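**Q** coords please:
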Amino acid sequence: MFSVAYRRLSEQEWELIWACFPDQVMGRPRKWSDRACLDAILYLLHSGGRWGELSSDFPPKSTVHDRFSLWVKTGVLTKVFKRLRRKIALGQVFHLDSTVKPAKRGKLVGRAVKVKGSKISLVVDEVGLPVDLCLDAANRHDLYACRQLPHTLPKGSFIVADRGYDANWFRRKLWNNGLKPRIPKRKKKNKKYDPIARLGRWVVERCFAWLGKFRKLEVRYEYYATHYKAFCYLACSRLLLDKLTG
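**A** Purely as a prediction, here's the structure:
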């Protein structure tokens with residue numbers, strides 16, 4: 001469904017997101033455009049390379065890194081994702097899960113049972129497209145790592161998760177936010193079949209597989225958690241762009 005190989009932004013794709021990038025207010029005119037810098041960042045996202053490995057076809061590494069840091073600080077890449085997400089209709093069922101990525105250093109890094117890294121909690125819609133995400137340390141329990149995600153979902157919808165999210169206080173939090181939890185109990189006694197809880201649980205795993213194609217996300221080398229989270233949002237934006245223009 002989605003393209004794995006890197007390609008530059010098309011005119012149609014740039015038309016969808018250009019309004020999220022602020023105009024230059026002061027200073028000398030920029031030599032390199034935002035679109036050229038974004039193409040370079042997307043190349044690193046796909047290849048997993050370092051900033052110094054950019055070829056001469058792209059702007060200098062210092063320009064690209066400075067522009068990326070500015071966008072992270074001002075929340076531009078998050079705005080890009082949310083703008084694209086609003087263009088795709090939301091359903092009534094959402095799926096929640098998490099995965100751990102190895103991390104070499106930085107903040108929001110912890111040691112889980114088998115790996116030292118960071119945890120990505122992800123909510124997807126009925127077809128597996130990302131709706132929102134959050135980042136935390138790997139040793140953080142799933143219930144606490146996803147604490148911000150229920151606030152971003154429309155009221156009255158179902159949220160499906162596995163037994164790792166089985167907690168009465170978490171269910172109450174979802175009900176208080178206007179959501180209908182569908183989470184199976186840890187104990188198997190008196191277990192009833194829930195068609196909503198069993199429907200389409202694989203879509204969130206498929207979305208993690210799509211994100212795994214972006215090599216920059218597979219091992220975290222960024223020291224700042226905000227930088228790595230921005231790369232995660234950019235990868236999700238790339239998936240949404242493929243959906244909207246494909």
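**Q** Mind giving me the packing neighbours of the longest helix anywhere in the chain?
**A** Once the chain is assigned using DSSP state H, the helix that runs over the most residues is helix 225-245. Using 3 or more C-beta pairs under 8 Å, 6 or more residues apart in numbering; DSSP states H and E as the contact criterion, the elements in contact with helix 225-245 are helix 11-17, helix 34-47, helix 61-74, helix 76-86, strand 116-124, strand 130-137, helix 202-211, helix 215-218. From N, CA and C alone the C-beta is placed, and that goes for glycine too.
**Q** Show me what counts as buried in it.
**A** 225, 227-241 (16 or more other C-beta atoms under 10 Å).
**Q** Tell me where the protein is predicted with low confidence.
**A** By pLDDT under 70, the weakly predicted segments of the chain are 1-4, 25-27, 188-200.
**Q** State the number of residues packed around Arg206.
**A** Neighbour count for Arg206, taken as other C-beta atoms under 10 Å: 14.
**Q** May I have the residues that are in contact with the nearest residue to it once chain neighbours are set aside?
**A** Computed as C-beta to C-beta, 6 or more residues apart in numbering, the closest residue to Arg206 that is not its neighbour in sequence is Gly128, at 4.9 Å. Counting by C-beta atoms under 8 Å, 6 or more residues apart in numbering, Gly128 makes contact with His95, Val203, Val204, Arg206, Cys207, Trp210.
**Q** my read: the fifth one touches Glu126, true?
**A** Translated: Cys207. No. With contacts counted by C-beta atoms under 8 Å, Cys207 stays clear of Glu126, the gap being 11.6 Å.
**Q** ok, those two, which is more surrounded?
**A** Counted by other C-beta under 10 Å, Cys207 and Glu126 do not tie: Cys207 has more neighbours, with 25 against 16.
**Q** Distance-wise, check that one relative to Pro130.
**A** 6 Å (C-beta to C-beta, to the nearest Å).
**Q** Find residues that contact each of those two.
**A** Leu122, Val124, Leu239.
**Q** coming back round to it: and the angle from the longest helix of the chain to strand 116-124?
**A** Between helix 225-245 and strand 116-124, the angle comes out at 30 degrees (axes from the mean of the first three to the mean of the last three C-alpha atoms, to 10 degrees).
**Q** Show me the beta-bridge partners of Lys119.
**A** Beta bridges link Lys119 to Val100, Asp136 when assigned by DSSP bridges.
**Q** The one 5 residues further on too?
**A** With DSSP bridges applied, the residues forming beta bridges to Val124 are His95, Pro130.
**Q** which one of the contacts of Gly128 is nearest His151?
**A** His95 (17.0 Å; C-beta to C-beta).
**Q** Is it correct that the closest one is in contact with Glu205?
**A** No. Applying C-beta under 8 Å, one finds His95 not in contact with Glu205, separated by 9.1 Å.
**Q** who's more crowded, the two?
**A** Shown here are His95 and Glu205; by other C-beta under 10 Å, His95 has more neighbours (26 against 13).
**Q** ok, and the closest non-adjacent residue to Cys232?
**A** Cys232's closest residue in space is Leu133 (C-beta to C-beta, 6+ apart), at 5.8 Å.
**Q** Just give the number of residues close to that neighbour.
**A** 23.
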